[in-house]
Structure formats: structure tokens, C-alpha cells
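> Got a sequence here, can you build the structure:
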Amino acid sequence: MTDVPLLRNESGTARDRDPSEAIEDLEFEAAIGRNVRQLRQQQGLTVADMAARVGISKAMMSKIENAQTSCSLSTLALLAKGFDVPVTTLFRGADVERPAAFVKAGTGARIVRNGTREGHEYQLLGSLRGEHKRLECLEVTLTEKSQTYPLFQHPGTEFIYMLEGVMDYSHSRSVYQLHPGDSLQLDGEGAHGPVDLVQLPIRFLSVVAFPDSQV
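Residues are numbered from 1 along each chain as shown. Predicted coordinates for the structure are as follows:
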């Protein structure tokens, strides 16, 4: 078996944190990095170009943009001068509260869907409206055999992760048998839903990311 390289998400940042370091400090560093990158790109400059203009190393400039270092006051002053903006511009967005949804086990709201009449139970684990889309997370429990199963169609992408039981799940023209630990990601526009409940009870997570137009 050949080694498969790990995929790296280039769209975000990650950094080590000392346990004694305040989380609030990371928010400032992330905001500075985000604003510095945006200002540099708006001016059509490379990391090397901007580093030379400001008078710091390319490596330091890269660390600032990726929120991997804390800027000194003198460095902030150099950046503001290099971009010809007030220093406060570099902190823009640091005080914005980023949303999260936390649901204690067993406290999710019970909701009614097309499958409820067939003995399917839906527990809402969170619904989060972000800047670009709405994310809806459900825990679905199937406890009864049924002669009919609803098929769903909706905008966006759905991710299913099996927790318990076995079921045959249809999407478009394909049928997948899902066991605990299996996952299925699908285009919600294709008709989808369980076609056979092989081993009850069945529990799975359903996460739907709705597109911009559905927010």
C-alpha cells in the first residue's frame, strides 16, 4: 500500500497556542492577518513586495498574514504606514462575535419532517446562518419498518454519517448500503432517502449546507 499524502486546506490558518495565552489575543491576530492579506491583495502586491515596502522579512510577513505571530506596536505602525491606512484598520473585525451552535445531548428540538409519519424521528442539533449559507444539522432515528419511505429533494449539499444500524440509501440512480462509520455526501437536488431498513434501530447524522439563495 502506497502512502497517500494528507490533503492540506490552504484556505484557513492554524497555529500552536500556549495554554496560558488568552483566546482573545488570537482573535486580534486573526483579524490583523485577514486585513493585512486583503489590503496587500487589493494593492496587487506579493508577500515579498509588501515585506520589502514595510521593511520586514518575507517570512515575518507570511507569519503575520497567517496569524502565526503577535505583531509588536512598531510592526503595526510599519504596516499601517506601508498600506497608508490608520492603525485601527488593521484590527477591523476583531470585535465581531462569530456564531456557534451548542446543543447538549438529548436537548435538541424535535422537528416534523415528511418521514415522521413513517416512524422516523428528527432531532435538530443546530442551524447556523453564516455569511454565505445556512447549515442545518440533524440526528435522524429510524425505529420502525415501513412499507414506504419518503424521498427528499432540496437545494444544497447533504452529508450523512451512520452511527447505528444498517440501511440501504438511494440517491439519484444509485443505492448505497450504509453501516456504522460509513458516510455519504450528496447533491440534494437528486432524489434521496432510505429504501430499506436492513438493521434497526438506525441512527445517522444529516448535515445540509443550503446555498446562498436559501439563506
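> Could you list the residues in contact with the helix or strand hosting Ala52?
Remark: Ala52 resides in helix 47-54, with elements defined by DSSP states H and E. Contact partners of helix 47-54, identified using Cβ atoms under 8 Å, 6 or more residues apart in numbering, comprise 40, 43, 45, 57-58, 60-62, 65, 78-79, 81-82. Where you see a C-beta, it was placed from the backbone N, CA and C, and this is true even at glycine.
> what separates that helix from the chain centre, distance-wise?
32 Å (Cα atoms, centre = their mean, to the nearest Å).
> Show the subsequent helix or strand relative to it.
In N-to-C order, the element after helix 47-54 by DSSP H and E is helix 58-65.
> buried stuff in that following helix?
Residues Met60, Met61, Ser62, Lys63, Ile64, Glu65 are the ones in helix 58-65 that count as buried (16 or more other Cβ atoms under 10 Å).
> which helices and strands does it pack with?
The elements that helix 58-65 packs onto, with contact taken as 3 or more Cβ pairs under 8 Å, 6 or more residues apart in numbering; DSSP states H and E, are helix 23-42, helix 47-54, helix 73-83.
> Compute the inter-axis angle for that helix and helix 47-54.
100 degrees (axes from the mean of the first three to the mean of the last three Cα atoms, to 10 degrees).
> Would you double-check that Arg110 falls in a strand?
Yes - the assignment for Arg110 by DSSP: H, G, I helix; E, B strand; the rest coil puts it in a strand.
> In this structure it contacts Tyr122, no?
Yes - if you go by Cβ atoms under 8 Å, Arg110 and Tyr122 touch, sitting 6.9 Å apart.
> the more surrounded of the two?
Using other Cβ atoms under 10 Å as the criterion, Arg110 and Tyr122 rank with Tyr122 on top: 19 against 9.
> quick one on the thing from earlier: is it possible to get JSON lines of the buried residues of helix 58-65 that adds pLDDT?
Shown next, in JSON lines, are the buried residues of helix 58-65 (pLDDT from 0 to 100):
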{"residue": "Met60", "pLDDT": "91"}
{"residue": "Met61", "pLDDT": "92"}
{"residue": "Ser62", "pLDDT": "89"}
{"residue": "Lys63", "pLDDT": "87"}
{"residue": "Ile64", "pLDDT": "89"}
{"residue": "Glu65", "pLDDT": "86"}
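> what comes up buried for stretch 190-202?
His192, Gly193, Pro194, Leu197, Ile202.
> what do you get for stretch 155-169?
Buried residues in stretch 155-169 (16+ other Cβ under 10 Å): Gly156, Thr157, Glu158, Ile160, Tyr161, Met162, Gly165, Val166, Met167, Tyr169.
> do you know how far the first one is from Glu189?
The span separating Gly156 from Glu189 equals 8 Å under the rule Cβ to Cβ, to the nearest Å.
> Report all helices and strands that the helix or strand of the chain with the lowest mean pLDDT contacts.
Here the helix or strand of the chain ranked lowest by mean pLDDT, DSSP states H and E is strand 120-129, holding a mean of 74. Counting contacts by 3+ Cβ pairs under 8 Å, 6+ apart, strand 120-129 packs against strand 109-111, strand 134-142.
> where does Val195 fall, phi/psi-wise?
Dihedral angles of Val195 (phi, psi; degrees, to the nearest 10) stand at phi -110, psi -20.
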